[in-house]
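Colleague: how does the following fold in three dimensions:
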Amino acid sequence: MIFSSLNPATGAVVWTGPAADADAVDRAATRARAAFPDWSRRPHDERAAVLRAFAARLGARQAELADQISREVGKPLWESLTEVRSMIGKIELSIDAHARRCGEFGGGPAITRFRPHGVVAVLGPFNFPGHLPNGHIAPALLAGNTVLFKPSELAPGVAELTRECWREAGLPEDALIVIQGARAAGEALADHPGIDGVFFTGGSLAGRALAARFAARPGKILALELGGNNPLVVWNPFHLGAAALLVVQSAYLSAGQRCTCARRLILPDGMAGDDLLQHLGRLLANLRVGPATDRPEPFLGPLVSSAAAARVLAAQHSLLLAGALPLIPCRPLGPALLSPGLIDVTGLPDLPDEEIFGPLLQVIRVKSFDDAIAEANRTAYGLAAGLLCDDPALYARFRAEIRAGIVNWNQPLTGASGAAPFGGVGASGNHRPSGYFAADYCSFPVASIETPALAVPTNLPPGLNP
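Modeller: Modelled structure (predicted):
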């Protein structure tokens, strides 16, 4: 079957190609398995050299890659370039992480080494079609695995360009195979008996479905990097203008399509919360919104598709019907393009605990900091949480009591370091964080007790005579 990716701002076809069926997946798995012995037996330094050559190819083709990301998923070019640069930076971080977390170690006759799993599948998302799959692929290849990569069907062209960069870097052809297609291709890959694991970045529903599939297959590694209903608490900051800027970056970067975006803004009742909302309203009124081709460049581009924009508007409509107050409602501005939305859901009964993946921020007013922490934790998710305040004692409480894998203080909630783990708890993952800790799930430890020469054992148990 032939399918295409579309520019969300214009509807123009960006890439066209065949979707893999079950037979194509089977052939790819067979090729990746055949490539595994050679790739895994190569010296670590040789694999690292290929990764570094890949980083160099990314650098040489970064303008082309950034343009492809912009055209396929709608990001402004400044943001697409940032994504490609993150891909480049990930290479040295992966090499460093592998050395520190998976280096050979021991004491006395005991020694621990790490071995690759074999053939692993990477299922990539659309919101960072280059960077997030790269966060799985680079450490997996470095550890000696071969990889079957199924990108989002919304960004197949980015995957093909990335594959070309790997080939130009000298990676053997079957060490990384791109499998194009939508849900059927992903399911065929995840279910294939010839893979040794799946590394997935995406929504919580899909992650739970994968976890159910793998429940009866404990011998296969499953690493889930899922979303969140992320809280951002703003508590009497000295500089309200700075706080409002951080809220905008936390909630609306990438048109609200980052898994770490703030979904719930928790504020105190009274004047302090009111003043923050006034600052925020002025910023949103002047936020540049438009297609990636606009000049000057917009801060906020289109969502990945018109269907994605319609889902955000439908979620907003449901909340407004339930009694939410439209402070600054999301509005359609063009194909897949929405204005940033801000609605007050304080006191709404049965507020849905869901990740609305777009530029819609829900305001919740509370009476005390205790209430703010309780409200922040009122979610089954646990990816990211943030606090904007000037009181170190409040942050110490927040950091100790918030259940999330990423907890930021006076920084955008969307900020994450490649030199740190990236992942969450609860419905946000399965305790296998990516980022710097991706090395942990790309190989497994082998513990050995070794002596160089065979000798008659000493200190034998009673009753055992040589």
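Colleague: which other helices and strands contact the least confident helix or strand in the chain by mean pLDDT?
Modeller: Counting by mean pLDDT, DSSP states H and E, the chain has its least confident helix or strand at strand 105-107, which shows a mean of 89. With contacts defined as 3 or more C-beta pairs under 8 Å, 6 or more residues apart in numbering; DSSP states H and E, strand 105-107 has these neighbours: strand 110-116. Quick note: C-beta positions are derived from backbone N, CA and C, even for glycine.
Colleague: isn't Lys220 up against Pro193?
Modeller: No: using C-beta atoms under 8 Å, Lys220 is not in contact with Pro193; the gap is 9.5 Å.
Colleague: what distance do you get for Leu77 to Gly301?
Modeller: 9 Å (C-beta to C-beta, to the nearest Å).
Colleague: ok now the least confident helix or strand of the chain, how far from the chain's centre?
Modeller: Distance of strand 105-107 from its chain centroid, counting by C-alpha atoms, centre = their mean, to the nearest Å, is 34 Å.
Colleague: ok, now stretch 11-26?
Modeller: 23 Å.
Colleague: gap between the two ends of it?
Modeller: 33 Å (C-alpha to C-alpha, to the nearest Å).
Colleague: buried set for it?
Modeller: 14-15, 19-20, 24-26 (16 or more other C-beta atoms under 10 Å).
Colleague: same question, stretch 192-200
Modeller: 192, 194-200.
Colleague: tell me the mean pLDDT for it?
Modeller: For stretch 192-200, mean pLDDT is 97.
Colleague: next one: stretch 285-300
Modeller: Mean predicted confidence for stretch 285-300 is 94.
Colleague: give me the buried positions along it.
Modeller: In stretch 285-300, counting by 16+ other C-beta under 10 Å, buried: 289-292, 298-300.
Colleague: strands - which of the residues you listed land there?
Modeller: For the buried residues of stretch 285-300, not one is inside strands, with DSSP state E as the criterion.
Colleague: in a markdown table: those residues, plus distance to Arg282.
Modeller: Output for these, formatted as a markdown table (distance: C-beta to C-beta, whole Å):
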| residue | distance to Arg282 |
| --- | --- |
| Val289 | 15 |
| Gly290 | 19 |
| Pro291 | 24 |
| Ala292 | 25 |
| Pro298 | 18 |
| Phe299 | 14 |
| Leu300 | 16 |
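Colleague: after whatever helix or strand Val147 lives in, which helix or strand is next?
Modeller: In this assignment (DSSP states H and E), Val147 forms part of strand 146-150. The first helix or strand that comes after strand 146-150 along the chain, using DSSP H and E, is helix 156-168.
Colleague: quick one: distance of that following helix to the chain centre.
Modeller: Distance, centroid of helix 156-168 to centroid of chain: 19 Å (C-alpha atoms, centre = their mean).
Colleague: hmm, back to that, mutual contacts of Leu77 and Gly301, please.
Modeller: 70, 292 (C-beta atoms under 8 Å, 6 or more residues apart in numbering).
Colleague: just to revisit the earlier point, looking at the buried residues of stretch 11-26, spot the one nearest Asp38.
Modeller: Asp26 (20.9 Å; C-beta to C-beta).
Colleague: hmm, back to that, and the strand holding Val147, average pLDDT?
Modeller: 98.
Colleague: ok, now stretch 115-124?
Modeller: Here the average pLDDT along stretch 115-124 is 98.
Colleague: please, where are all the helices along the stretch 301-450 of the chain?
Modeller: Secondary structure of the stretch 301-450 of the chain (DSSP state H, counting those that start in this stretch): helices located at 306-321, 369-376, 392-401, 438-441.
Colleague: mind listing the strands for the stretch 101-250 of the chain?
Modeller: With strands called from DSSP state E, counting those that start in this stretch, the stretch 101-250 of the chain shows them at 105-107, 110-116, 119-123, 146-150, 176-178, 197-201, 221-225, 230-234.
Colleague: quick one, the second one and strand 146-150 angle?
Modeller: Right, strand 110-116. Per axes from the mean of the first three to the mean of the last three C-alpha atoms, to 10 degrees, the angle that strand 110-116 makes with strand 146-150 is 40 degrees.
Colleague: ok, Gly334 - contacts?
Modeller: Per C-beta under 8 Å, 6+ apart, neighbours of Gly334: 9, 291, 302.
Colleague: so the first one, which state does it fall into?
Modeller: This points to Ala9. Following DSSP: H, G, I helix; E, B strand; the rest coil, Ala9 is assigned to coil.
Colleague: contacts only, for the nearest residue to it once chain neighbours are set aside.
Modeller: With sequence-adjacent residues excluded and distances taken as C-beta to C-beta, 6 or more residues apart in numbering, Ala9 is closest to Pro291, at 3.8 Å. Contacts for Pro291 (C-beta under 8 Å, 6+ apart) come out as 9-10, 74, 298, 301-302, 334, 337.
Colleague: mind saving the C-alpha coords of stretch 267-277 as CSV?
Modeller: Written as CSV, here are the backbone C-alpha positions of stretch 267-277 (Å, rounded to 0.1, in the frame of the first residue of the first chain):
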residue,chain,number,x,y,z
LEU,A,267,-2.1,29.1,40.9
PRO,A,268,-3.1,30.6,44.3
ASP,A,269,-6.4,32.2,44.8
GLY,A,270,-6.4,36.0,45.0
MET,A,271,-4.4,38.8,43.6
ALA,A,272,-1.1,36.9,43.0
GLY,A,273,-2.8,34.4,40.7
ASP,A,274,-4.9,37.2,39.0
ASP,A,275,-1.8,39.2,38.3
LEU,A,276,0.0,36.3,36.8
LEU,A,277,-2.9,35.6,34.5
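Colleague: contacts for it, please.
Modeller: With C-beta under 8 Å, 6+ apart, stretch 267-277 has contacts from 233-237, 240, 243-244, 247, 327, 342, 363-368, 372.
Colleague: repeat for stretch 304-322
Modeller: 6, 8, 73-74, 126-127, 154, 256-257, 302-303, 326, 329-330, 332, 335-338, 341, 343, 345, 348-350, 352, 354, 356-360, 362.
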